Each structure stands twice: as C-alpha cells, then as structure tokens.
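>>> Sequence unavailable; structure follows:
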C-alpha cells in the first residue's frame, strides 16, 4: 500500500456515499460525475483519501446485490483514481473489492472484517490497505438489542483475532488498520466506553480508524431531551474526533474536512509539545 500514516497527525478520510439510503448523505451524489466532484472537493479541503461506498450500513439497512453496488461505485473509483486520488472502497464483497482495486483503489474498508471467504485473498493479492471493523450482528439487526459483558475487551479481542487471521491469509501487517465500529451494534453507553477505551484498542499495535461523524449517539448526548438532527452534529463530531485523536486514533473518517483538519492540527500541536 502506498499510503503511510504520518507520525505527527491522523489521516483524514473523506466519506463519499453513492447510495440512495445512507443515514446522512444518501441520495446526495446520485451520479458518478457529482460524486467524483465531491471527492475532489474533499481532497481540496485537505482529505488524504476518499472512502467510496455503494451499500448503506445504517441501522436497518438491507443488503445490496453486488451488481448494483458495482454499478454505483466503480465509475466513481475510476474517475477519482485517474485524478491520482487515494481511494478506499467501502465494501464487504470480494468481487466489488477486486474490481475497484483493479480500477485503482488502494484500501478496502470492510465493515464485516473479511467475512467474505475470498476477501482476504483478494487483498493479499493486491497488497492493498485493509481496515477491519467490529460489528455485532449485521446492519439490519445490529441495533435491536446490543449486549456486551465488557465492550472494550470484547471489541479489542475480536479485532486482534481478525487482524491475526488477515496476517495468516497473507496480508502484510503494515497494511492492516482496525476500527472499533462506533454505532455498529452499540448503545450510547457502549460507544462512550469505546471512546474512553481507545488506548486499550491501540495496544494491539495497528493504526486505529474511527468513524464518529454525525453518529446518532452523539446527537442523543448533545441534544439532551431532543436529539440533534443530523446536519446539526458537526460541532459534536469535531469534539468526539478530538477525543479519539487524543486516545490514539490514527485515521479519522468524516463527512466534512475543512474544520476536521484544523482541529486535528490543534490536537497534534498539543500532543507533540516539546
């Protein structure tokens, strides 16, 4: 993988959903041209890479056939890769990943952590970056009644096992990232525990990616009796990302880049004071 994480700041991963039903921006970029333009705008604002997704994983979402997912994402991946943009493909299907890697994608962001039996082989073949995420159950059922004994320990152990499995399958250690999966089969209390427990997850030794942008648990906490609407969650997103960065996160996956870059610079300056 050509993408390296700097020692003094996190990477900023811009979110680009080309879906009709994602929780925050579904339907906003319905055609390849507008989606690619949005990706280039995020890069201009300071994003290091763009995460292109064609299947919603919001709570209650239903699976999308691979043919439809490819129809949505492949033209966008091609357009961005031609502009030398570092592209991550947000998919759990090996056939989608392979087509996008052939088109120039450099990272596979897999919310199901290589559950597709062929995914690890594809990623090892291309030598791409791989992000392994924790999710309890699946998007259709994950928020029904999530339960843990010790959420930090259980998420850490799962990610450690999946990373070891990836290595056994031939994926280079330096190409593996891990993601505790905020909002994926977790209550508000579970998400807060994971945010506080990020240093424990970082002890695994892999770069930790966090996806906190506009998550509903942030809206519930910040809004009090009236949860914040999605478009009013930018401030609390920035605060949560700052906490995650202080906890050791190395990749911040977010919808809005300009302010995220500024806050990340401030936190980095604080962390690396002589």
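Alright, I've got the coordinates. As the structure is a computational prediction, the values presented were derived from the model and not from experiment. Numbering: from 1, shown residues only.
>>> From residue 31, how far off is residue 93?
Separation of residue 93 from residue 31 (C-beta to C-beta, to the nearest Å): 22 Å. From N, CA and C alone the C-beta is placed, and that goes for glycine too.
>>> quick one: which of those two has more around it?
A count of neighbours by other C-beta atoms under 10 Å puts residue 93 above the other of residue 93 and residue 31, at 23 against 12.
>>> need the contact list for the more buried one.
Contact analysis of residue 93 by C-beta atoms under 8 Å, 6 or more residues apart in numbering lists 66, 69, 116, 119.
>>> and with 10 Å instead?
Counting by C-beta atoms under 10 Å, 6 or more residues apart in numbering, residue 93 makes contact with 54-55, 63-66, 69-70, 99, 110, 112, 116, 118-119, 122.
>>> Among the residues you listed, which are located in helices?
66, 69-70, 99, 119, 122 (DSSP state H).
>>> excluding its backbone neighbours, what's nearest residue 256?
Using C-beta to C-beta, 6 or more residues apart in numbering and skipping the chain neighbours, the partner closest in space to residue 256 is residue 234 (5.9 Å).
>>> pretty sure residue 49 contacts residue 90?
No: between residue 49 and residue 90 there is no contact, the gap being 11.3 Å when judged by C-beta atoms under 10 Å.
>>> Now do the buried residues in stretch 241-259.
241-245, 247-257, 259 (16 or more other C-beta atoms under 10 Å).
>>> Next step: those residues restricted to helices.
Short answer: those in helices (DSSP H) are 241-245, 259.
>>> Of those residues, which is the nearest to residue 201?
Nearest to residue 201 out of these is residue 244 (C-beta to C-beta; 10.6 Å).
>>> Bridge partners for the residue lying closest to the closest one once chain neighbours are set aside, pull those for me.
In this structure, residue 244 finds its nearest non-sequential neighbour in residue 210, 4.5 Å apart by C-beta to C-beta, 6+ apart. Counting by DSSP bridges, residue 210 forms beta bridges with residue 252.
>>> Now do the helices in the stretch 101-250 of the chain.
Along the stretch 101-250 of the chain, the stretches classed as helices by DSSP state H, counting those that start in this stretch are 119-126, 151-168, 188-196, 198-202, 216-223, 234-246.
>>> can you put the ones you listed in a markdown table and add mean pLDDT?
Below are the helices of the stretch 101-250 of the chain laid out as a markdown table (pLDDT from 0 to 100):
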| stretch | mean pLDDT |
| --- | --- |
| helix 119-126 | 98 |
| helix 151-168 | 98 |
| helix 188-196 | 97 |
| helix 198-202 | 98 |
| helix 216-223 | 95 |
| helix 234-246 | 98 |
